[in-house]
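1. Need a 3D model of the sequence below.
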Amino acid sequence: MKRISSDIFCTLHTIAQTQALEKHLAALLPPHTLMAKAGEAVAKLAKALVPHAKCIWIACGPGNNGGDGLVAAARLAPWAKKNGVDLRVSWCGDELHAPLDAQWALSLARSNEIKFTDQAPPQCDLVIDAILGIGCRTTNIHSLDALYDGHLLKLLAEMHSINATRLCVDVPSGLNADNGSHSIANYLISKSEVTIHTLSLLTLKPGLFTADGRDSAGQVWFDDLGADSAQLSLLVSHEPKDVRLGPKSSLVTSRAGLHSSHKGTYGDVWVLGGQHITQSGAGMTGAAVLAARAALNTGAGRAFVIPLGEPEIDWDPAQPELMFRSTRTLNDQPHPLPGSWVCGCGGGSLVVPYIPLLLRRATALVLDADALNAIALDPLLAELLHTRWGNSQWTVATPHPLEAARLLGCSTRAVQADRLTSARAIAHRYNVICVLKGSGTVVATPKGQVAINPSGNAKLATAGTGDVLAGMLGTTLAHFIQTQRQGCDAVSALADAVSQSVWWHGHIADCWTADTPTLTASRLSQALGTRNGR
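-> Below is the predicted model:
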């Protein structure tokens, strides 16, 4: 068993892959072996989480997830009796129609003289959520509840009403393990109100790390139940669209190079955006400046800012190294445009006329905010963007959920309901590496490979942090095109580099402690140049 931290890199597996492995192992092992191991793992973690507990309540559903909870109760019983722990179990299943493993688990619990109860205790130290597992993907929880005479919803409501440490078995009840959407959102409790742990069994699932998953699952633990990793690899080797957690390396490498290197060695980043206040009464020049600062602070040799409108700013007192240029500079540049370009940060409507030029001439391009909105509205721009990849022009798009919805012609709710599929769809439709921002940011390639970012928190929910990320990715592309690798390997290498930048962006927020000033976008940008992120 291991604790999953934000700097881990591993493969995630879908519900179908997990169930295939389960079926494969069940055919090889004696009956009930996997459930026995799962229940033992849950009991072990429960004792570690609340070693001095006075009361533990295990809420067990009608299927095999409930069976895992029943086995855990049987394994906890001797320890509970020895230490005076009030151990109670609620089970809402139908003994005649329960799966065979769950029937065996129920018999095991009864033989250990477990105290069964129809109601949750008024107070307890630990609630074990073993109600619904990966097999439940219904969005209509009431239909499922009707099969059990209302007992299922009652059990869920009681479980979520108790202010106690919660341990979820495999997945939080009602969470779709593939995409992180929650079918019982009315019962969700803020992570700040209770301490939540989830023990993922046999495989790690994507839904635990994105959308509703991160808040619902809390701290994720993993136990492979002794499964052979080689067997798992063989079972899922046919799946071309693999999902991974985190970048291959979460270490931020030093910018130090050869003594003979110079600023040109590390690439140029050009930021086009920052619409002036005279255009619409809303000044957004700061967005472009933040992106350029981030580019410089993450190792660009030079960072240029091309503000739009009638800017009165021609230098940045806080970062005087930034170089300001007028839009006329675009006409003076060679073809293809040198360096990498970041387009859209605070650009408003003024950025639109420049997008076709960048789509045609920029070798490396980060599209953010208003640039993405313009492309979503214009099929000709969308077609220009799609053809870039075949011309060895690299593009990274960084939509938040609303911008993603515009790109896909759907609702924000549809995007959030399946963030992995949405990111893949954008990457494929527009031939870009898509960075779908949000809880568990998703990085997807045009070929369908996906990485979910495990770092970051709500401290990033403030204006300008997305502009900082865009600038960071500008530097990522600037460094990447210095190597000029081609082919499929180049796509994977760029996706890994993008994932690493996304991870570092979130990691700084993870390191931002309560005794430091509020994390603003400016402070985030400044922290990029430090080794510990503070």
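
2. Do I have it right that residue 181 meets residue 415?
-> No. Contact status for residue 181 versus residue 415: not in contact, 10.7 Å apart, counting by C-beta atoms under 8 Å. Just so you know, the C-beta spots here come from the backbone N, C-alpha and C atoms, and that holds for glycine as well.

3. show me the contacts for residue 410.
-> By C-beta atoms under 8 Å, 6 or more residues apart in numbering, no residues touch residue 410.

4. quick one: secondary structure of it?
-> Following DSSP: H, G, I helix; E, B strand; the rest coil, residue 410 is assigned to coil.

5. max-length helix in this structure?
-> Of all segments of type helix in the chain, defined using DSSP state H, the longest is helix 487-511.

6. Can you spell out which helices and strands pack onto it?
-> strand 433-436, strand 442-444, strand 450-452, helix 465-483, helix 521-527 (3 or more C-beta pairs under 8 Å, 6 or more residues apart in numbering; DSSP states H and E).

7. Now it: buried residues?
-> Buried residues in helix 487-511, counted by 16 or more other C-beta atoms under 10 Å: 491, 494-510.

8. helices or strands up against the strand or helix carrying residue 81?
-> Element membership of residue 81 [criterion: DSSP states H and E] is helix 64-83. Judged by 3+ C-beta pairs under 8 Å, 6+ apart, the packing partners of helix 64-83 are helix 33-49, strand 55-60, strand 86-91, helix 100-111, strand 126-130, strand 165-169.

9. Just name the most buried of the ones you listed.
-> Highest mean neighbour count of the helices and strands packed on helix 64-83: strand 126-130, a mean of 28 (counted as mean count of other C-beta atoms under 10 Å).

10. Of the helices and strands packed on helix 487-511, which is nearest residue 210?
-> Closest to residue 210 of those is strand 450-452 (C-beta to C-beta; 5.2 Å).

11. Each with direction, which strands does that closest one pair with?
-> Sheet pairing of strand 450-452 (DSSP bridges) gives strand 243-245 (parallel), strand 442-444 (antiparallel).

12. which one of the ones you listed has the most crowded surroundings?
-> Ranked by mean neighbour count under mean count of other C-beta under 10 Å, the strands paired with strand 450-452 are led by strand 442-444, which reaches a mean of 29.

13. and it, how far from the chain's centre?
-> 9 Å (C-alpha atoms, centre = their mean, to the nearest Å).

14. do the same with stretch 117-126
-> 33 Å.

15. Where do the strands of the stretch 201-350 of the chain begin and end?
-> For the stretch 201-350 of the chain, strands defined by DSSP state E, counting those that start in this stretch occupy the ranges 219-223, 243-245, 268-275, 302-308, 323-324, 337-343.

16. Out of the ones you listed, the one nearest residue 442 is which?
-> Closest among these, once you apply C-beta to C-beta, is strand 243-245, at 9.1 Å.

17. Quick one: mean pLDDT for that closest one?
-> The average of the pLDDT scores along strand 243-245 is 93.

18. Also stretch 281-300?
-> On average, stretch 281-300 scores 93.

19. what about the nearest residue to residue 359 once chain neighbours are set aside, which helix or strand?
-> Distances taken as C-beta to C-beta, 6 or more residues apart in numbering put residue 384 closest to residue 359, at 4.2 Å, once the chain neighbours are dropped. Assigning secondary structure by DSSP H and E places residue 384 in helix 379-388.

20. chain center to whichever helix or strand comes after that helix, what's the gap?
-> Using DSSP H and E, the helix or strand that follows helix 379-388 in sequence is strand 394-397. Taking C-alpha atoms, centre = their mean, the mean C-alpha location of strand 394-397 is offset from the chain mean by 19 Å.

21. Which elements pack onto strand 394-397?
-> If you count contacts as 3+ C-beta pairs under 8 Å, 6+ apart, strand 394-397 packs onto strand 362-367, helix 379-388, helix 419-430, strand 433-436, helix 465-483.

22. The residue nearest to residue 359 contacts residue 357, doesn't it?
-> No. With contacts counted by C-beta under 8 Å, residue 384 stays clear of residue 357, the gap being 10.1 Å.

23. what bits of this protein have low per-residue confidence?
-> Applying pLDDT under 70 to the chain flags the ranges 137-140, 142, 147, 185-193, 229-241, 250-265, 484-488, 531-534.

24. Name the residue closest to the centre of it, please.
-> A centroid search over the chain (C-alpha atoms, centre = their mean) returns residue 440, at 1.6 Å, as the residue closest to the centre.

25. Quick check: that residue vs residue 213, distance?
-> 6 Å (C-beta to C-beta, to the nearest Å).

26. Using CSV, write out the CA atom coordinates for stretch 405-421.
-> Taking Å, rounded to 0.1, in the frame of the first residue of the first chain, the C-alpha atoms of stretch 405-421 are listed here in CSV:
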residue,chain,number,x,y,z
ALA,A,405,-17.2,24.4,-24.4
ARG,A,406,-17.1,27.1,-27.0
LEU,A,407,-14.4,25.1,-29.0
LEU,A,408,-16.5,22.0,-28.9
GLY,A,409,-19.9,23.7,-29.4
CYS,A,410,-21.4,22.3,-26.2
SER,A,411,-22.1,23.3,-22.6
THR,A,412,-19.6,23.8,-19.8
ARG,A,413,-21.5,21.1,-17.9
ALA,A,414,-20.9,18.7,-20.7
VAL,A,415,-17.1,19.5,-20.7
GLN,A,416,-16.9,19.0,-16.9
ALA,A,417,-19.0,15.8,-17.1
ASP,A,418,-16.1,14.1,-19.0
ARG,A,419,-13.0,16.2,-18.9
LEU,A,420,-10.7,13.5,-20.4
THR,A,421,-13.0,13.0,-23.4
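
27. how far out from the middle of the chain is it?
-> With C-alpha atoms, centre = their mean as the basis, the mean position of stretch 405-421 lies at 15 Å from the chain mean.

28. Next, count neighbours for residue 19.
-> 15 (other C-beta atoms under 10 Å).

29. where does it land in three-state SS?
-> Classified using three-state DSSP, residue 19 is helix.

30. And residue 144, by the same measure?
-> Applying three-state DSSP: residue 144 is helix.
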